[in-house]
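Q: Here is a sequence with its predicted model. Questions after.
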Amino acid sequence: MHLIILDRDGVINEDSDSYIKSVDEWVPIPGSIEAIGILYKAGFTIVVATNQSGIGRQLFSLDDLNAMHDKLNMLVKNAGGKIANIYYCPHHPDDGCACRKPKAGLIDIMEKELGISAQGAFFIGDSLRDLEAGLAKGCTPVLVETGKGKKTLAAIDANKKSTLPGLVIYGNLAEAAGALVKSL
């Protein structure tokens, strides 16, 4: 079984510095939904691990988040794919929880619930904290240039001391999916 862990905002859907607070604001990045379908059809198990501090900041409710994830799951199903589960950290950054990326708590929960190891999985994200969470669990870090990806890449390039062993970079999730499927 091949495992892919996806960040949500900036990888699957458009991101906003003002947070994605409603199902209407949740807009897929072109090609991302189809990419998840392609990955699923190729035999990948797909999970999402996302920080959603907007809940802890009281910018939106758990019902709002569930509506966004229902939309995501419906679109992916219509594209012939399936997300095994969506794991999210609802905490405010100051809460000191173990699940907020760059900590690996969401991945720990996923491993326990699904009975699979993240070791060797691909972790696709647009921020350094995504990649660091994946690396902490032995994942291959994959950076997409959508969302905060270009800014993250510039920060990595500026800090030559940054070590992200095995880092792979793609323009977007669709490009990453095409390359990963070809590598099977």
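A: Arrived safely.
Q: Tell me the first helix or strand C-terminal of the helix ranked longest in the chain.
A: In the chain, ranked by residue count with DSSP state H as the criterion, the top helix is helix 62-78. Under the assignment DSSP states H and E, the closest C-terminal helix or strand after helix 62-78 is strand 85-89.
Q: Tell me the buried residues in the following helix or strand past that next one?
A: Once strand 85-89 ends, the next helix or strand along the chain (criterion: DSSP H and E) is helix 105-114. Residues of helix 105-114 classed as buried by neighbour count (16 or more other Cβ atoms under 10 Å): 105-111, 114. For glycine as for every other residue, the C-beta is placed from the backbone atoms N, C-alpha and C.
Q: rewinding a little: and the longest helix of the chain with strand 85-89, angle?
A: Helix 62-78 runs at 150 degrees relative to strand 85-89, counting by axes from the mean of the first three to the mean of the last three Cα atoms, to 10 degrees.
Q: all strands of the chain, in order?
A: 2-6, 44-51, 85-89, 122-125, 140-144, 168-170 (DSSP state E).
Q: shaky segments in the protein?
A: Across the chain, the ranges flagged by pLDDT under 70 are 1, 160-162.
Q: same thing but 50
A: Within the chain, no range satisfies pLDDT under 50.
Q: Leaving out sequence neighbours, find the closest residue to the most centrally placed residue in it.
A: By Cα atoms, centre = their mean, the mean C-alpha position of the chain lies nearest to Asp7, the distance being 1.0 Å. Nearest residue to Asp7, sequence neighbours excluded (Cβ to Cβ, 6 or more residues apart in numbering): Gly125, at 3.9 Å.
Q: In this structure that neighbour contacts Leu143, no?
A: Yes: counting by Cβ atoms under 8 Å, Gly125 does reach Leu143; the two are 6.7 Å apart.
Q: quick one, which of those two is more surrounded?
A: Gly125 (30 against 26; other Cβ atoms under 10 Å).
Q: so who does that one touch?
A: Under the criterion of Cβ atoms under 8 Å, 6 or more residues apart in numbering, the neighbours of Gly125 are 6-7, 10-11, 131, 133-134, 141-144.
Q: List of residues touching stretch 25-42?
A: Outside stretch 25-42, the residues touching it (Cβ under 8 Å, 6+ apart) are 2, 4, 6, 11-14, 16, 20, 46, 68, 71-72, 75-76, 78-83, 146-147, 172-174, 176-178, 180-181, 184.
Q: Throw together a ChimeraX command that grabs the buried residues out of the residues you listed.
A: Here is the ChimeraX selection string for the buried members of the contacts of stretch 25-42, based on 16+ other Cβ under 10 Å:
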select :2,4,6,11,12,13,14,20,46,68,71,72,75,76,79,81,83,146,147,172,173,174,176,177,180,181
